[in-house]
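Visitor: Sequence below, structure please.
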Amino acid sequence: MADQQQYFLKWNDFQTNMVTSFRHLRNEKSFTDVTLACEGQTCKAHKMVLSACSPYFKSLLE
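Guide: Presented below is the predicted three-dimensional model:
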């Protein structure tokens, strides 16, 4: 049997990095897959983020 190695990966400041990464993606309009519209204005968004933050959007977008 071959030797097995186990690795532990850790991302320091994961939450901060995740928020920053999503902010950059939103500002660049990268990977947006839905457009919200209200009172003549539009906003591109990510279905995954909307669904994670809102039960209403989760049920609407499923």
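
Visitor: give me phi/psi at residue 4?
Guide: Reported as degrees, to the nearest 10, the phi and psi values for residue 4 are phi -110, psi 140.

Visitor: since we're on residue 51, how many residues are nearby?
Guide: Using other C-beta atoms under 10 Å, the number of residues around residue 51 comes to 17. (Each C-beta comes from the backbone N, C-alpha and C, glycine too.)

Visitor: name the element it belongs to?
Guide: Assessed by DSSP states H and E, residue 51 sits inside helix 47-53.

Visitor: Return the set of buried residues in that helix.
Guide: For helix 47-53, burial by neighbour count (16 or more other C-beta atoms under 10 Å) applies to 50, 51.

Visitor: quick one: contacts of it?
Guide: Identification of contacts with helix 47-53 by C-beta atoms under 8 Å, 6 or more residues apart in numbering yields 22, 33, 34, 57, 58, 61, 62.

Visitor: Can I get it in PDB, CA atoms only?
Guide: Once non-C-alpha atoms are left out, helix 47-53 reads as follows in PDB (Å, rounded to 0.1, in the frame of the first residue of the first chain):
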ATOM      1  CA  LYS A  47     -28.000  34.400  -8.100                       C
ATOM      2  CA  MET A  48     -25.900  32.500  -5.600                       C
ATOM      3  CA  VAL A  49     -25.300  35.500  -3.400                       C
ATOM      4  CA  LEU A  50     -29.000  36.600  -3.600                       C
ATOM      5  CA  SER A  51     -30.100  33.100  -2.700                       C
ATOM      6  CA  ALA A  52     -27.700  32.800   0.200                       C
ATOM      7  CA  CYS A  53     -28.800  36.100   1.700                       C
END
